[in-house]
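Asks: Mind looking at a prediction? Sequence and model below.
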Amino acid sequence: MTDTLGGWRRTHSSGELRASHVGRTVTLMGWAFRRRDHGGLIFVDLRDREGLTQCVFNPETSGEAHTRAQEVRSEFVLAVVGTVQRRPPGTENPKLPTGDVEVQVSQLKVLNESKPLPFPLEEEIEVDETVRFRHRYLDLRRPAAYLNLVIRDQACRAVREYLHAHGFVEVETPFLTRSTPEGARDFLVPSRLTRGSFYALPQSPQLFKQLLMVAGVERYFQIVRCFRDEDLRRDRQPEFTQIDIETSFLDRDEFLPIVEGMVAAIWRRVKGIELPTPFPRLAFEEAIARFGSDKPDLRFGLELTDCSNLFGGSEFQAFAQVVAAGGVVKGLRAPKAAGMSRKELDDLTETAKSLGGKGLVWAKVNPEGLQSPVARFLDPVRPALMSRLAAEPGDLVLLVGDQMPLAATVLGRLRQEVAQRLHLVPEGEFRMAWVVDFPLVEWNEEERRWNAVHHPFTAPRDEDLPLLDTDPGRARAKAYDLVINGQEAAGGSIRIHQQSVQEKMFKLLGIAPQEARARFGFLLEALEFGAPPMGGIAAGLDRLVALLTGEGSIREVIAFPKTQKGTCPLTDAPSPVDPAQLRDLGIRLVEEP
């Protein structure tokens, strides 16, 4: 019963019709979302990407169309011609923009049929993620899923308009490049023309955008795919998209306002929200001390407090020994949380231990004193502790004693859990902040060497440059992360642009001159030809869109996402290839023992 388009032309979308269209003859095309047979009349809700319109098939209007409508089933592709009319009084649907009108159908074409769907497309019905992504082309027919793609598009348009208005040039960089150490494994692509050699898919365009600065481009950006062959965590993808930016001749304090303006432009376009700027700035050490995280969620309070001096030399040996060994005792007041059950408190204790902490001390604040398994040890310091934490009857006090930053990190995670349990995280609110002055390097105890906290091209603060020779662990980086609602949304730094400093950094990281030349020779050579001061940032587009849409996973804002195991349910990638292809590449598969 399928017809061709036959010269029909769509005049309106299914989300467009209003009372002002009453009396017009229109042609609609879309999918049959629902079909209802009321005996004499047949109703079909016709859906396209713009919305839904109720179409009425009346045998008195068109017997032929009514007869054909009896065979229509869910997700058949239809074209209808009819007259817009008001719905009868009392049958209007205020939930739909088109709910005041309907189309009295005079002609019907079935453009294609559909077999029964593997899952219903109603928004309110939960469907297993694997099933949805296996049939992603159906999943995207749902209005909410399609809207995520629209919001992603709006964000990209806002980025391009804003950056072009600020003198940036969009430049593409290669996908087939050489393997360089950037923190994760590279995806390798074998070369057929150069047997035994491999391209690598870029983890980021870092080296190329620095070369563009050497080339004098001055302001570059691109919205670019990046690739990392890493063990995927819950909300990671092997291929992801970032807004990549690099500039010349700007220091940090000149560059960050540009990024703030871009983020504000995105939120203005997508959400209609004016973000207050400038965004707050927190030094890395301050963020850890106050929130136990370098990506603090500022939508709620619950700040950590240092209580170390209250327990130094106290009878509570568990904490006294920690303080004597140079550690700290961090405290957290959870307001009106004394009603937490013992099981909930035990769960928090197990969480603390799972994070590497020695444990958790909790105390419920009652009018008559503290209720805690260690209350007798806390009583001597109770007045000072209550004052320090501003605790009141009905509150819950959490204490963690350990070395820094572990004590703060553990309590920072508990801070987030408590906020969720107490429903302290406001919905629909966005809190942005910069975290700055990160450590330049961190000590790798297993390998007995220094690792770059960000990447080897991040510049140290000028005043900390001598520390690279004497005390590298104290050196601060010209690095900065943009944190939104407790998630890292972007990260960047001012780069090293002098070859001597870059070579010093490689030496500190244990990268021998020969290895540095072999892997980064083209960059080191470029730095010899008048490289300007430069800096930039990479913002995770998937993460930004997930924040804008309120989705809990970036998979929901990617058109065709991979699973947590890095597979594509839709195409079954990765998959074996023909042995002839491997022979062309000079590759032989070896079975694991």
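Replies: Sure, I can see it.

Asks: shaky segments in the stretch 151-300 of the chain?
Replies: 181-183 (pLDDT under 70).

Asks: all strands for it, in order.
Replies: 169-170, 187-190, 198-201, 219-227, 239-248, 281-283 (DSSP state E, counting those that start in this stretch).

Asks: helices or strands next to the first one in the packing?
Replies: Applying 3 or more C-beta pairs under 8 Å, 6 or more residues apart in numbering; DSSP states H and E, one finds that strand 169-170 makes contact with helix 143-165, strand 219-227. C-beta coordinates here come from the backbone N, C-alpha and C atoms, glycine included.

Asks: okay, the strands of the stretch 151-300 of the chain in JSON lines with mean neighbour count and distance to Trp450 next?
Replies: Shown next, in JSON lines, are the strands of the stretch 151-300 of the chain (neighbours: other C-beta atoms under 10 Å; distance: least, C-beta to C-beta, whole Å):
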{"stretch": "strand 169-170", "mean neighbour count": "13", "distance to Trp450": "36"}
{"stretch": "strand 187-190", "mean neighbour count": "15", "distance to Trp450": "27"}
{"stretch": "strand 198-201", "mean neighbour count": "18", "distance to Trp450": "24"}
{"stretch": "strand 219-227", "mean neighbour count": "20", "distance to Trp450": "25"}
{"stretch": "strand 239-248", "mean neighbour count": "23", "distance to Trp450": "25"}
{"stretch": "strand 281-283", "mean neighbour count": "17", "distance to Trp450": "21"}
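
Asks: could the ones you listed be laid out in JSON lines, adding distance to Thr83?
Replies: Shown next, in JSON lines, are those (distance: least, C-beta to C-beta, whole Å):
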{"stretch": "strand 169-170", "distance to Thr83": "48"}
{"stretch": "strand 187-190", "distance to Thr83": "57"}
{"stretch": "strand 198-201", "distance to Thr83": "55"}
{"stretch": "strand 219-227", "distance to Thr83": "45"}
{"stretch": "strand 239-248", "distance to Thr83": "45"}
{"stretch": "strand 281-283", "distance to Thr83": "61"}
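
Asks: Mind pulling up the pLDDT for Asp3?
Replies: What the model reports for Asp3 is a pLDDT of 57.

Asks: Look up how far His12 lies from Asp229.
Replies: Per C-beta to C-beta, to the nearest Å, Asp229 is found 48 Å from His12.

Asks: which of those two has more neighbours?
Replies: His12 (18 against 15; other C-beta atoms under 10 Å).

Asks: helix or strand for that one, which one?
Replies: Take DSSP states H and E as the rule and His12 turns out to sit in neither a helix nor a strand.

Asks: wait, it sits on Met29?
Replies: No. Using C-beta atoms under 8 Å, His12 makes no contact with Met29, being 9.6 Å away.

Asks: Could you pull up the contacting residues of the closest residue to Val381 other than its chain neighbours?
Replies: Once flanking residues are discounted, Val381 sits nearest to Leu310: 4.7 Å by C-beta to C-beta, 6 or more residues apart in numbering. Residues near Leu310 by C-beta atoms under 8 Å, 6 or more residues apart in numbering: Val329, Val381, Ala384, Leu385, Arg388.

Asks: what do you get if the cut-off is 10 Å, keeping everything else the same?
Replies: Going by C-beta atoms under 10 Å, 6 or more residues apart in numbering, Leu310 touches 316, 319, 323, 329, 331, 378, 380-382, 384-385, 387-388, 399.

Asks: Kindly report the same for Thr194.
Replies: Counted by C-beta under 10 Å, 6+ apart, Thr194 has contacts Gly586.

Asks: Tell me which residues of stretch 469-477 come out buried.
Replies: Pro472, Ala475, Arg476, Ala477 (16 or more other C-beta atoms under 10 Å).

Asks: still on that earlier bit, list just the one of the strands of the stretch 151-300 of the chain that sits closest to Ala338.
Replies: Closest approach to Ala338 among the strands of the stretch 151-300 of the chain is made by strand 281-283 (30.3 Å; C-beta to C-beta).

Asks: Sheet partners, orientation included, of the closest one?
Replies: strand 432-436 (parallel) (DSSP bridges).

Asks: sorry, back to before: mind listing the shared neighbours of His12 and Met29?
Replies: Asp48.

Asks: where does the protein dip in pLDDT?
Replies: 1-4, 181-183.

Asks: any idea which residue of it is furthest from its center?
Replies: Glu60 (54.6 Å; C-alpha atoms, centre = their mean).

Asks: From Val72, how far off is Ala19?
Replies: Distance from Ala19 to Val72, by C-beta to C-beta: 27 Å.

Asks: between these two, who's got more neighbours?
Replies: Val72 (20 against 11).

Asks: got a list of what that one touches?
Replies: Met1, Ala32, Arg35, Asp37, Ile42, Val44, Cys55, Phe57, Leu78, Leu108, Val110, Glu113.

Asks: and the second one, that one's in a helix?
Replies: No. Under DSSP: H, G, I helix; E, B strand; the rest coil, Ala32 sits outside any helix and is assigned strand.

Asks: Any figure for the gap between the nearest residue to it once chain neighbours are set aside and Glu230?
Replies: Distances taken as C-beta to C-beta, 6+ apart put Phe76 closest to Ala32, at 4.6 Å, once the chain neighbours are dropped. Applying C-beta to C-beta, the value for Phe76 to Glu230 is 44 Å.

Asks: Have a look at these two and say which one is more surrounded.
Replies: Phe76 (20 against 13).

Asks: SS state for the residue nearest in space to the middle of the chain?
Replies: Compute the mean C-alpha point of the chain, and by C-alpha atoms, centre = their mean the closest residue is Arg543, 2.1 Å away. Secondary structure, three-state DSSP: Arg543 is helix.

Asks: so Met66 sits in a helix?
Replies: For the record, residue 66 is His, not Met. Yes. Counting by three-state DSSP, one finds His66 located in a helix.

Asks: got a list of what it touches?
Replies: Counting by C-beta under 10 Å, 6+ apart, His66 touches Gly40, Leu41, Ile42, Val56, Phe57, Asn58, Pro59, Glu60, Val105, Leu108.

Asks: switch the cut-off to 6 Å
Replies: Phe57, Pro59 (C-beta atoms under 6 Å, 6 or more residues apart in numbering).
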